[in-house]
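Engineer: Structure for this input, please:
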Amino acid sequence: RMKHFLQETFEVSNEIFQSRFWIPIRDLLTELMYRDTNSLLMGIQLNDEETSLDYMLRDLNFGDGTPETRHEAIIKATRQYENDMATGLMRHAIGGRLIRLI
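Structural biologist: Residues are numbered from 1 along each chain as shown. Modelled structure (predicted):
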């Protein structure tokens, strides 16, 4: 029974690691390093990116999604990221909050 439990724990942990860390990081590195034309940076409109940032900050409860609160929301998100790094990296990473902050 213990062997079965440990095997299941390993499989679940591996699945979490793969889905939350390895696959997104691998795909990002592939996109950035191995493409002739960097599709992540093609056709970007600054206004679209700022709007997207405002929405992300709002979804993480750091701001209200407006440009007026963007600076304060970025400061809050940065402080939360630093706090998460200092107070339990693995707990926050597995929970997904740290990855969203990054």
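Engineer: For the helix or strand where Asp27 lies, name the packing helices and strands.
Structural biologist: According to DSSP states H and E, Asp27 maps onto helix 23-33. Helix 23-33 is packed against no helix or strand, with contacts defined by 3 or more Cβ pairs under 8 Å, 6 or more residues apart in numbering; DSSP states H and E. C-beta coordinates here come from the backbone N, C-alpha and C atoms, glycine included.
Engineer: and it, C-alpha only, in CSV?
Structural biologist: Only the C-alpha atoms of helix 23-33 are listed here, as CSV (Å, rounded to 0.1, in the frame of the first residue of the first chain):
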residue,chain,number,x,y,z
ILE,A,23,6.0,22.7,-20.5
PRO,A,24,5.4,26.5,-20.3
ILE,A,25,9.0,27.3,-19.8
ARG,A,26,10.1,24.9,-22.6
ASP,A,27,7.6,26.4,-25.0
LEU,A,28,8.7,29.9,-24.1
LEU,A,29,12.3,29.2,-24.5
THR,A,30,11.6,27.4,-27.8
GLU,A,31,9.7,30.5,-29.0
LEU,A,32,12.4,32.9,-28.0
MET,A,33,15.5,31.0,-29.0
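Engineer: Check which residues of that helix are buried.
Structural biologist: Counting neighbours by 16 or more other Cβ atoms under 10 Å, one finds that helix 23-33 has no buried residues.
Engineer: Mind checking the pLDDT average for it?
Structural biologist: In this model, helix 23-33 has an average pLDDT of 78.
Engineer: That one: how far from the chain's middle?
Structural biologist: 13 Å (Cα atoms, centre = their mean, to the nearest Å).
Engineer: Next secondary structure after that helix?
Structural biologist: Following helix 23-33 in sequence, per DSSP H and E, is helix 46-59.
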